[in-house]
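K.L.:
sequence and predicted structure below; questions after.
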Amino acid sequence: MAFNKTKIIATLGPATSDIDMMYELIKAGVNVFRINFSHSSHEDAEKLIQNVRSLNEKHDLNVALLADLQGPKLRIGNVEEGAVLAPGDILTFTNTKKEGNAKEVYMNYQLFPKDVKKGERILLDDGKLVLEITETNSQDTVKAKVIQGGPLKSKKGVNLPNTKISLPCLTEKDLADLKVALKHEVEWIGLSFVRSPEDVKELRRIIDENNAPSRIISKIEKPEAVVEIDGIIEATDAIMVARGDLGVEVPMQGVPLIQKMIVNKCHKTARPVVIATQMMESMI
């Protein structure tokens, strides 16, 4: 089997969880299997880990595992069918759980009204919907004016490119998922939505406390991380340029320049660097 300098990371899902399919992927060139803890249960993750370990032992391979933690992903709640936002509409965000509509939606981030300020942007559904905050009562509601409209759908992600959020980098779910990964000595831990070197150091502390050999891939998908990139590179073992969320929070035309800058910095400091998201999009 050839050893290439450029490695391939493949995400495991329902279509690729079978051990025979995994072996076919390895023969095709996969070097690392990624387990996405946003969608994997602990039981499913442990089965995938066992399959990879079995293949390594049986075929004398050294295929690594990457446990990708979800991180503090912000989402709106359920929204009634057919809700559409038009430019100029006012949408109210509440931290009280309820079914939403074109006038009001639930936001799963309790400190949202406290953290945001008038004039900051809210991006929904990977940037398809753009709103600007007009007021917040700093307790339970935020009002925002629609700048770019469209269908409002349930459980869509929320990006706050101008807001410094109070959420920790590691959520309770992440800590539970991390416990599983460290128990099985997974080679790499993916830290999502890194904002500063302190986020990386906190994960490092937990890994060291568990006497685990796992190394850290810091995922760059926030503007704050780009500003703090030198310190993050120094604190981490590897970098992932996560172009999906990064392309939502910074102007799309800036992503290739940021990617090139980060790759150059990683090369100079001998840090492995991963380019992720939409790698094969133009081939579909």
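P.N.:
Cool, got the structure. Numbering: from 1, shown residues only.

K.L.:
by mean pLDDT, flag the weakest helix or strand of this structure.
P.N.:
Lowest on mean pLDDT, DSSP states H and E among the helices and strands of the chain sits helix 243-249, with a mean of 87.

K.L.:
buried residues of that helix, list them for me.
P.N.:
Neighbour-count burial for helix 243-249, counted by 16 or more other CB atoms under 10 Å, picks out 243, 245-249. Using the backbone N, CA and C atoms, a C-beta is placed for each residue, glycine as well.

K.L.:
mind listing the helices for the protein?
P.N.:
For the chain, the helices defined by DSSP state H occupy 19-28, 42-59, 112-115, 172-183, 197-209, 223-227, 229-235, 243-249, 255-268.

K.L.:
those helices: lowest mean pLDDT?
P.N.:
If these are sorted by mean pLDDT, helix 243-249 sits at the bottom with a mean of 87.

K.L.:
counting by contacts, list what that helix packs against.
P.N.:
strand 157-159, helix 255-268, strand 273-276 (3 or more CB pairs under 8 Å, 6 or more residues apart in numbering; DSSP states H and E).

K.L.:
now do the contacts for Gln110.
P.N.:
By CB atoms under 8 Å, 6 or more residues apart in numbering, the contact list for Gln110 reads Asn95.

K.L.:
which non-adjacent residue is nearest Ile258?
P.N.:
Counting by CB to CB, 6 or more residues apart in numbering, Val226 is the residue found nearest to Ile258 once chain neighbours are left out, at 5.8 Å.

K.L.:
correction: Pro161
P.N.:
Using CB to CB, 6+ apart and skipping the chain neighbours, the partner closest in space to Pro161 is Glu249 (4.1 Å).

K.L.:
please verify my assumption that that neighbour contacts Pro223.
P.N.:
Yes - using CB atoms under 8 Å, Glu249 is in contact with Pro223, at 5.5 Å.

K.L.:
what residues are shared contacts of these two?
P.N.:
Counting by CB under 8 Å, 6+ apart, the shared contacts of Glu249 and Pro223 are Pro161.

K.L.:
picking that back up, now the least confident helix or strand of the chain: how far from the chain's centre is it?
P.N.:
Here the centre of mass of C-alpha atoms in helix 243-249, compared against the chain's by CA atoms, centre = their mean, to the nearest Å, lies 10 Å away.
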